[in-house]
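Chemist: Quick check, what structure comes out for this input:
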Amino acid sequence: MEILGLIFLVILIFFISPFLHFIGGWISGWIIKVTIGQSIINGLALIGFNLPLDKFPLFFGTLAVIACFFHTPTIDFSKSKK
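Modeler: So this is what the prediction gives:
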């Protein structure tokens, strides 16, 4: 029964995690849009990447979902001596 619960938890985290990352990225994109969005649009236009200002939250949400699949957690196995 414990294995079934673990499998269910892993599946739940696998499907919920991208939605949480998208929401975080969308909120970050909205904050950037209302604060320094026009400066970023001008900078991206200089390098040939044209993105409308109203698409910022969607763009950053999508990038957050893509990035969450390439995230590697770091585990420190060293024992600290006090």
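
Chemist: Please, where are all the helices along the protein?
Modeler: Secondary structure of the chain (DSSP state H): helices at 2-46, 56-68.

Chemist: what's the most buried one of those?
Modeler: helix 56-68 (a mean of 17; mean count of other Cβ atoms under 10 Å). Yep, even glycine has a C-beta here, placed from its N, CA and C like the rest.

Chemist: chain center to it, what's the gap?
Modeler: With Cα atoms, centre = their mean, to the nearest Å as the basis, helix 56-68 stands 6 Å off its chain's centre.

Chemist: Spit out the contact partners of the closest residue to Phe56 other than its chain neighbours.
Modeler: Excluding its sequence neighbours, the residue lying closest to Phe56 (Cβ to Cβ, 6 or more residues apart in numbering) is Lys33, at 4.1 Å. Each residue near Lys33 by Cβ atoms under 8 Å, 6 or more residues apart in numbering is listed here: 53-54, 56-57.

Chemist: quick one: which of those is nearest Ile16?
Modeler: Pro57 (20.1 Å; Cβ to Cβ).

Chemist: distance of the residue nearest the centre of the chain from Ile41?
Modeler: Nearest to the mean C-alpha position of the chain, counting by Cα atoms, centre = their mean, stands Ala64 at 2.4 Å. Using Cβ to Cβ, to the nearest Å, Ala64 is found at 19 Å from Ile41.

Chemist: can you check Phe69 too?
Modeler: 27 Å.

Chemist: same deal with Gly5?
Modeler: For Gly5 relative to Ile41 (Cβ to Cβ), the value is 48 Å.

Chemist: Check Leu6 too.
Modeler: Taken as Cβ to Cβ, the span from Leu6 to Ile41 is 46 Å.

Chemist: Tell me where the model's unsure across this structure.
Modeler: Along the chain, segments meeting pLDDT under 70 span 80-82.

Chemist: if you set the cut-off to 80 instead, what comes out?
Modeler: 1, 71-82 (pLDDT under 80).

Chemist: Touching stretch 39-57 from outside, list them.
Modeler: By Cβ under 8 Å, 6+ apart, stretch 39-57 touches 25-27, 29-30, 32-33, 37-38, 59.
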